[in-house]
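Enquirer: Following is a predicted model, sequence given first.
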Amino acid sequence: MDKQPVQSAEPSQEAAPIKLPKTSESEQLKRIRHTTSHVMAMAVQKLFPKAQVTIGPSTETGFYYDFDVAEPFTDKDLKDIKKEMIKIINKKLPVIREEVTRQEAEQRIKTINEPYKLEILEGISEPITLYHLGEQWWDLCAGPHIENTSEINPKAIELETVAGAYWRGDETKAQLQRIYGTAWETPEQLAEYKRRKEEALKRDHRKLGKELGLFVFSDLVGPGLPLWTPKGTLIRSTLEDYLKQEQVKRGYQGVVTPHIARIDLFKTSGHWQKYKEDMFPMMADDQESAEKEMGFVLKPMNCPFHIQIYKSELRSYRDLPMRLAEFGTVYRYEQSGELGGLTRVRGFTVDDSHLFVTPEQLDEEFLKVVDLILTVFRSLQLKNFKARLSFRDPASDKYIGTDEVWEKSQGAIRKAVQTLGMDYFEAPGEAAFYGPKLDFIFQDALEREWQLGTVQVDYNLPERFELEYVAEDGTRKRPVMIHRAPFGSLERLIGILIEEYVGDFPLWLAPVQVRLLPVSDPQLEYVKEVVDKMKMMGIRAEADTSGERLGKMIRNAETQKIPVMAVVGAKEVESNTLSIRTRASGELGAISVTDVIDKVTEAITNHTNF
């Protein structure tokens, strides 16, 4: 007689999810990662004595160090470096802080012939500190660090990748080799981190976008400038149409503005003075015009254009609030090393709108904008987000406007989120140069954070452009501007959605919503008739006319993540039905064509599944 399995007296419990804190959330991890970067640099210089070190900070999930070496590091080099790191960790070296004079630091750096350290020294202020690993290695560093290398768990570290990086991020300077690594407190955390990285690779929008045929990049066009295929364009258009409909309900008016403008427009707004390095170079007729800064630039923002539309005639208080909206494409000269698929590009389309309101209307209009953004997030099935109040850093000189104006703007945003009872946090230094922002930070399935929607209160640009309206008492008054973008940008949003959905778009967003699969050629005519009926009802339907076996057609539809598949054989033709199979609910059996069309149309309208 077979033995029965022993029953546990205690009910089984699933293991608690492993939390992976960011460096900014854990002082101990910050110390571990910073020290591990030093251990890595020491290991590199032991194995490659001619390597020169530059900077080696911690990141939110690990650390990196930049090296000047004759030859790029290989995968074998990384394995050897890690082995050497483990040897150093196991020596239990004390981490010693030493405070020195500038002259002493300069002399020691010259002795070991480290020119990059000399340049770093020039840019730091007292106190100047060195951190030693035992008596064998040291670097200029402000800390913090752990007390002994034994506090690093050698089974909780990993060297990940090597990348090129220009010194000081300047393409005209030396190209260095950057080694990225990660370090955790426990091996279990490292294992969970690796699991999430593998999952991130599966979700990578660049990979999925290529497999699903949504967008491409071309070297001839240039980096950071995506080209949208017909399927990708369908997703963009669907998102645009959806938001336009929501905006019409709320009294927005569409506008269209040029892609370029005179520099003077951006001098008035302040973008030229504050944002020049991030803009594409000026287009001038000749050298004299260039020297006088008389020319055109690609627009980095849409707001100055909308301001000109507002200013084209004198407005009355009766005209306000005035809500101008545009899907406006803007251009920013991102460094090539910072570009990444759709989430960091050089040309992107912002779902931009600028509201011109009276001071009395500000609070109500701000709340309405937030309501629109929350409506958008619900339709996109994005639930895990929080509000960041991006305020001015009073110690910085990058902002325009008076203290009074900034306090008024920041107070309006704080009041709005408190009125709504939203989960929020304040982030000094994250404001735009002309005003504070309410940013919506979305956390995806892998706990990565992305900024999506944003709302900004702006008293400064109306002042700089001398905007006015005629108040009820006949006097001229200054309107307040609200800048808002629920999506943020179409490119970034679609990149994030591809990864969040793993390419499996909800029915209303899918490029192809229904695919009909004929079992054999005799059913083709019926299939084409049904496809035509669906298209007439606004359903994105298509027929598989490949002639493949049914099993292959089903696998192809699943690979391409088609939400609804309809198998059509002789029985379905005779009964005027479709045998439905959906990604959301599996096999649903035979359903009449009329009911299928009604159910799909209803699901698209309500942004739900079939």
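Expert: Thanks, I have it.
Enquirer: Now do the same contact list for Ser269.
Expert: Ser269 sits next to Met301, Cys303, Pro304, Ile307, Tyr434, Leu461, Arg464, Phe465 when contact means CB atoms under 8 Å, 6 or more residues apart in numbering. C-beta here means a position set from N, CA and C on the backbone, and glycine is covered the same way.
Enquirer: And the fourth one, what's its pLDDT?
Expert: According to the prediction, Ile307 has pLDDT 97.
Enquirer: And the host helix or strand of it, how far out from the chain middle?
Expert: Following DSSP states H and E, the helix or strand that holds Ile307 is helix 303-311. Relative to the centre of its chain, helix 303-311 is centred 28 Å away, using CA atoms, centre = their mean, to the nearest Å.
Enquirer: And for stretch 32-39?
Expert: 28 Å.
Enquirer: Check what contacts that stretch and list those residues.
Expert: Outside stretch 32-39, the residues that reach it (CB under 8 Å, 6+ apart) are 23, 56-59, 62-65, 85, 88-89, 95, 131, 133, 137, 139, 141, 143-146, 149, 151-152, 157, 181-185.
Enquirer: Just the buried ones out of those residues, please.
Expert: 23, 56, 58, 62-65, 85, 88-89, 95, 131, 133, 137, 139, 141, 145-146, 149, 151-152, 157, 181-185 (16 or more other CB atoms under 10 Å).
Enquirer: mind listing which of those residues are in helices?
Expert: Under the assignment DSSP state H, the buried ones among the contacts of stretch 32-39 contribute Met85, Ile88, Ile89 to helices.
Enquirer: ok, of those, which one's closest to Tyr252?
Expert: Comparing those against Tyr252 with CB to CB places Met85 closest, at 56.7 Å.
Enquirer: Give me the distance between the closest one and Ala156.
Expert: 12 Å (CB to CB, to the nearest Å).
Enquirer: got it, and Pro258?
Expert: 54 Å.
Enquirer: same question, Met534
Expert: The separation that Met534 has from Ala156, given CB to CB, amounts to 54 Å.
Enquirer: More neighbours: those two, which one.
Expert: Met534 (22 against 19; other CB atoms under 10 Å).
Enquirer: Hmm, Ile597 and the more buried one touching each other?
Expert: Yes - assessed by CB atoms under 8 Å, Met534 is found in contact with Ile597 at 6.1 Å.
Enquirer: Which residues does the next helix or strand after the helix holding Ile307 contact?
Expert: Per DSSP H and E, the first helix or strand lying C-terminal to helix 303-311 is strand 315-316. Strand 315-316 is contacted from outside by Met322, Phe356, Glu468, Tyr469, Val470, Pro479, using CB under 8 Å, 6+ apart.
Enquirer: Now with 7 Å, please.
Expert: Met322, Tyr469, Val470 (CB atoms under 7 Å, 6 or more residues apart in numbering).
Enquirer: Out of those, who's the most crowded?
Expert: Within those, most neighbours by other CB under 10 Å means Tyr469, with 22 neighbours.
Enquirer: can you pull the contacts of it?
Expert: Arg315, Ser316, Tyr317, Leu320, Lys477, Pro479.
Enquirer: Select only the buried ones of those residues in PyMOL?
Expert: Entered in PyMOL, the line below selects the buried ones among the contacts of Tyr469, by 16+ other CB under 10 Å:
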select buried, resi 315+320+479
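Enquirer: so what's Leu446 up against?
Expert: If you count contacts by CB under 7 Å, 6+ apart, Leu446 has them with Arg196, Glu199, Ala200.
Enquirer: let's go with 10 Å and repeat that
Expert: For Leu446, the residues meeting the contact criterion (CB atoms under 10 Å, 6 or more residues apart in numbering) are Leu20, Arg195, Arg196, Lys197, Glu199, Ala200, Arg203, Glu499, Glu500.
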